[in-house]
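> Sequence plus the predicted model coming up.
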There are 2 protein chains.
Amino acid sequence: MGVLYNQVADRLQALIQDGVYRDGDRLPGVRILSKQMEVSISTVLQAHQTLEARGYLQARERSGYFVRLPLVDVPEPVMRKHRSKPVPVSAREMTLDLCADEQKRMVPLATAVPHADFLPLRQIQQSTMWAARHGLETLDYAFPGKESLRRQIAQRMASVGVPVTPDDVLVTNGAQEAIILGLRAVTQPGDIVAVESPSFPGILQALEVVGLRAIEIPTHPSDGLSLEGLQLALEQWPLKACVVVSNHSNPMGARMPDERKKQLVSMLAAADVPLIEDDIYGDLYHTGERPRPAKAFDRADNVIYCNSFSKTISPGLRLGWMLPGRHMAGARQQKYFSNLATSSIPQMAVAHFLEQGGYDRYLRSARQNYREAIERMRAAVARSFPVGTAVSRPQGGFVLWVQLPAGVSGTRVYHRARAENINVAPGLMFSISGKFESCLRLNGGNPWCERIDQAIARLGALTHEEQALKG
Amino acid sequence: MGVLYNQVADRLQALIQDGVYRDGDRLPGVRILSKQMEVSISTVLQAHQTLEARGYLQARERSGYFVRLPLVDVPEPVMRKHRSKPVPVSAREMTLDLCADEQKRMVPLATAVPHADFLPLRQIQQSTMWAARHGLETLDYAFPGKESLRRQIAQRMASVGVPVTPDDVLVTNGAQEAIILGLRAVTQPGDIVAVESPSFPGILQALEVVGLRAIEIPTHPSDGLSLEGLQLALEQWPLKACVVVSNHSNPMGARMPDERKKQLVSMLAAADVPLIEDDIYGDLYHTGERPRPAKAFDRADNVIYCNSFSKTISPGLRLGWMLPGRHMAGARQQKYFSNLATSSIPQMAVAHFLEQGGYDRYLRSARQNYREAIERMRAAVARSFPVGTAVSRPQGGFVLWVQLPAGVSGTRVYHRARAENINVAPGLMFSISGKFESCLRLNGGNPWCERIDQAIARLGALTHEEQALKG
């Protein structure tokens, strides 16, 4: 401060931290900035150099200055042979704490549940009214799912490279149930199943319900499940299934490139190990085109595809679906025996909403909302957390994976934050073997606001304190 | 015919078969009948004697003539020591056939699903509209269940002798899921569980999902589960649970008297074996007072109570509840891990319907409807089935258990009836050990109509044919 170019640098830094300029954006040219900020061109140039030194800008030859948040990417996992052993999945109660009713007053950074403002609730309300007026059909049993909904789902699946008929669709109580039905259709209790690491806790819970053992396969922060790690596991263990979130995996936000998806599908088909694919974040890509699911490359009918409307319409609907392929008979039987059918009213409401055609328009705004929210959250983490903190660079979805500096306990930060009514997910939850103790997952599915900004700042401060205690 | 008293007897028999006079009713006095029918008193008396000979009337000294359908009651089971062995429950696919979508055009005598005319669909439509207007709250996650619904359920439970708070209630996807969560909370795969015999197929399916073995305990046609049989099983096997439909058990319609419920509860508490009670037909008693569930006598917190709105509001809601008692933590965890929560919209709609106060009024008419439908179905069976057919005398609910004459295969009648678009449930479905081959279960939850009348007549004719083939 005091010096003019420092003031200009501060103003530019604030614009970056507020998300006006985003990670990867090119800054306007010096002439434009000099005019906008009413300073000389040389002051702008000095401010640029200052921000470059602070780590917020990167100069590219002949292209100008680009925004670059001072964040370290989550490092790639190191592959080691015979590193993991199958572990029976049990005692994952921590999740229940995170989701308990009494946590509703806390700052909601723990569960991957979108804020109501980001969901098409008005539309689904209207469609529920419509469904209610339909009376009889709406209140009838709906096994294996309302035909109107299965038709809409089949249409959407075709648009992502998975041409199916309504008869190929089994409606479920969310993707969680779909994964469980898929596991039941292809495994026996005690079998070994490969999962990502870090893994979405719901998948670990599904394995626990079915009574399975898990082998953790390292996940690359941008490319997803390590195929090399999976190959090692296939050679070493009699795997009966592999569960993967192929697009914008939770918690890292990784997206497998198409080429790797193809490899994954053919590796597993060759080994005769079914792939259970959870595509729940597939529609929530931040940029570019809708990534295809692994199922789109499934020539051998070896992929059991699972998805849900929980992230894109409302989690309270408990409405998902699966394409069990050749395992349809087993999945249908398990569904019927477990709870007969999925509730009809939500099915009729969602079918009507999809028929009305507003869903894709909604998804466009949702993608934009999540992209912005995640960018602001990354910027806030960059501001507040100690040097040495690494942060994921999600390509979709709305969660952020934060790796604290070496030696700092995410579990301790989690407990201290909870005491201050800030609810985050500790890294330990994402492993069955005690990994990720120094990590946190943050839910970015909220409109940015003062309360969340302050919560992130506070998390950063707590991490600083924990780091100081270690030193 | 021809003879006048025979014509009068025919007219009276028609009134009985049409349900104007019901099983157990006292006929009007001879003077009144003679006036009504415009015949002499002696003709009425001769007609009475004729109907007594036909098996439709019973003379009681000083009391007159009483209607008595020419039906044999389902016989009591014979207890034999070491008669049953635990059997792993598997391969119960037949049920799926009965319930498949394509069966909707058939005469619906197979599944225990009430006809739409017998359900309060207009009321629940209105309440769904109300819930839809409530938007946000209605679309939110609802684990462990919407508070408003749990409060209504707690109030109803208090009224049947089970005083609980809303916090004691866990909302489930129907009673089927409640039973599964209860089983999971108290058993491990491979454990042995006692079930009624004949048993509701859904309970056998629940055991299959959880990977349990079952031991079948004979069920008395009016008193329910044989306590003597249960005692033998407790002495012989390390039972981990006992699943009982204590009120109007499906398929026999038996209701355990309070004294036997008390004995059941204390026997199991003494043996430290949890009772999983399914009270889904409790509200659908045909006469008298609402029978209490076994849970009302549970001093040791050893009864896991399960119920649902599937038989009294709509099966398509997939909405039930449980009172897991001291097993709440385990049941909650299993629920959350299985599918997170039950869909919110149906919960809000049912809570609103119950709050409005129309539910009890509806139940009164439903009980009357089911009683009448079952009586007409019993009369129709009496008309059409061969001598030697035994029929249950349900004290509630809306299913009828028919035991065909010795040697006649219910499975063959089932297959032949299906070929003629009449869907019934073959007795084999109600056992894991091949029992009840000569039985059928008929769904009486439909308004009486020509189509059903003819279907019962046709089932009787098929049974006659099968009997002739045997002879």
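Cool, the structure landed.
> ok, which residues in the stretch 201-350 of chain A are in contact with chain B?
Contact residues, the stretch 201-350 of chain A versus chain B (Cβ under 8 Å from any Cβ of the partner chain): A:202, A:205-206, A:208-209, A:211, A:314-319, A:332-334, A:336-346, A:349. Where C-beta positions appear, they are placed from N, C-alpha and C, glycine not excepted.
> for stretch A:44-64, which positions count as buried?
Neighbour counts over stretch A:44-64 (16 or more other Cβ atoms under 10 Å in any protein chain shown) mark A:44, A:46, A:47, A:48, A:50, A:51, A:56, A:57 as buried.
> Stretch A:251-264 now?
In terms of neighbour count (16+ other Cβ under 10 Å), stretch A:251-264 has its buried residues at A:251, A:252, A:253, A:254, A:255, A:256, A:260, A:261, A:262, A:263, A:264.
> And these, which is closest to residue A:68?
Nearest to residue A:68 among the buried residues of stretch A:251-264 is residue A:253, at 18.2 Å by Cβ to Cβ.
> Can you show me the helices along the stretch 251-400 of chain A?
With DSSP state H, counting those that start in this stretch, the ranges of helices along the stretch 251-400 of chain A come out as A:258-271, A:328-339, A:344-356, A:359-384.
> Comparing the ones you listed, which comes out most buried?
Counting by mean count of other Cβ atoms under 10 Å in any protein chain shown, helix A:344-356 has the highest mean neighbour count of those, with a mean of 24.
> residues making contact with that helix?
Contact with helix A:344-356 is made by A:120, A:123-124, A:126-128, A:130-132, A:134, A:137-142, A:145-146, A:148-149, A:151-152, A:156, A:171, A:309, A:313, A:317-319, A:359, B:128, B:132, B:316-318, B:343, B:345-346, B:349, as judged by Cβ atoms under 8 Å, 6 or more residues apart in numbering or on different chains.
> Among these, which ones are in strands?
If you go by DSSP state E, those have residue A:171 in strands.
> Retrieve the pLDDT associated with the residue lying closest to residue A:17 once chain neighbours are set aside.
Spatially, and ignoring its direct neighbours in sequence, residue A:17 is nearest to residue A:379 (4.7 Å; Cβ to Cβ, 6 or more residues apart in numbering or on different chains). The model reports residue A:379 with a pLDDT of 88.
> again with residue A:1
At residue A:1, pLDDT is 47.
> and what of residue A:160?
In this model, residue A:160 is scored at 96, pLDDT.
> So it sits against residue A:297, correct?
No. Contact criterion Cβ atoms under 8 Å: residue A:160 and residue A:297 do not qualify, at 11.7 Å.
> Does residue A:214 touch residue A:207 like I think?
Yes. Between residue A:214 and residue A:207 there is a contact at 5.3 Å, judged by Cβ under 8 Å.
> Comparing those two, which residue is more hemmed in?
residue A:207 (30 against 24; other Cβ atoms under 10 Å in any protein chain shown).
> Could you double-check that that one lies in contact with residue A:194?
No. Residue A:207 is not in contact with residue A:194 according to Cβ under 8 Å; the separation is 10.5 Å.
> if I look at those two, which residues touch both of them?
A:214, A:243.
> Would you mind listing what in the stretch 351-471 of chain A touches chain B?
By the rule Cβ under 8 Å from any Cβ, no part of the stretch 351-471 of chain A lies against chain B.
> Low-confidence stretches in the stretch 351-471 of chain A?
Of all residues in the stretch 351-471 of chain A, none has pLDDT under 70.
> Strands along that one, start to end?
With DSSP state E, counting those that start in this stretch as the criterion, the stretch 351-471 of chain A has strands at A:390-391, A:399-403, A:422-426, A:439-443.
> What is the shortest one packed up against?
To tie it back to what came earlier, the one meant is strand A:390-391. With contacts taken as 3 or more Cβ pairs under 8 Å, 6 or more residues apart in numbering or on different chains; DSSP states H and E, strand A:390-391 sits against strand A:72-73, helix A:359-384, strand A:399-403.
> will you turn those into JSON lines that also has distance to residue A:223?
Formatted as JSON lines, the helices and strands packed on strand A:390-391 follow (distance: least, Cβ to Cβ, whole Å):
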{"stretch": "strand A:72-73", "distance to residue A:223": "12"}
{"stretch": "helix A:359-384", "distance to residue A:223": "19"}
{"stretch": "strand A:399-403", "distance to residue A:223": "15"}
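> can you tell me which of the ones you listed comes nearest to residue B:420?
Proximity to residue B:420 (Cβ to Cβ) singles out helix A:359-384 among these, at 44.5 Å.
> dump the residue contacts of the residue nearest to residue A:17.
Residues near residue A:379 by Cβ under 8 Å, 6+ apart: A:16, A:17, A:18, A:19, A:23, A:69.
> can you pull out the strands in the stretch 101-250 of chain A?
Assigned by DSSP E, counting those that start in this stretch, the strands in the stretch 101-250 of chain A fall at A:107-109, A:170-172, A:192-197, A:213-220, A:224-225, A:239-244.
> Need the residue closest to the centroid of chain A.
Centroid-nearest residue in chain A, with Cα atoms, centre = their mean: residue A:250, separated by 3.6 Å.
> tell me the phi and psi of that residue?
phi -90, psi 120 (degrees, to the nearest 10).
> Point out the most buried one among the strands of the stretch 351-471 of chain A.
Mean neighbours per residue, mean count of other Cβ under 10 Å, is largest over those for strand A:439-443, with a mean of 27.
> Centre of the chain to that strand, how far?
Taking Cα atoms, centre = their mean, to the nearest Å, the mean C-alpha location of strand A:439-443 is offset from the chain mean by 11 Å.
> Identify the residues contacting the one helix or strand residue A:53 maps to?
Per DSSP states H and E, residue A:53 falls inside helix A:41-54. With contact meaning Cβ under 8 Å, 6+ apart, helix A:41-54 is reached by A:4-6, A:8-9, A:12-13, A:27, A:30-31, A:33-34, A:37, A:57-59, A:65, A:70.
> and it, C-alpha only, in CSV?
Only the C-alpha atoms of helix A:41-54 are listed here, as CSV (Å, rounded to 0.1, in the frame of the first residue of the first chain):
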residue,chain,number,x,y,z
ILE,A,41,0.4,2.1,-18.5
SER,A,42,3.7,1.7,-16.6
THR,A,43,1.8,1.5,-13.3
VAL,A,44,-0.4,-1.3,-14.8
LEU,A,45,2.7,-3.1,-15.9
GLN,A,46,4.3,-2.8,-12.4
ALA,A,47,1.0,-4.1,-10.8
HIS,A,48,1.1,-7.1,-13.2
GLN,A,49,4.6,-7.9,-12.1
THR,A,50,3.6,-7.6,-8.5
LEU,A,51,0.7,-10.0,-8.9
GLU,A,52,2.9,-12.4,-10.8
ALA,A,53,5.2,-12.3,-7.8
ARG,A,54,2.3,-12.9,-5.5
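> Test my guess that residue A:403 contacts residue A:390.
Yes. Using Cβ under 8 Å, residue A:403 is in contact with residue A:390, at 4.1 Å.
> Now the common contact residues for those two.
Common neighbours of residue A:403 and residue A:390, counting by Cβ under 8 Å, 6+ apart, are A:74, A:75.
> one step back: tell me the one of the buried residues of stretch A:251-264 nearest residue A:176?
residue A:251 (16.2 Å).
> Need the distance between the two termini of stretch A:284-304.
Start-to-end span of stretch A:284-304 (Cα to Cα, to the nearest Å) is 21 Å.
> Residue B:272: which of the helices and strands packed on strand A:390-391 is closest?
Each of the helices and strands packed on strand A:390-391 has some distance to residue B:272 by Cβ to Cβ; the shortest is strand A:399-403, at 44.7 Å.
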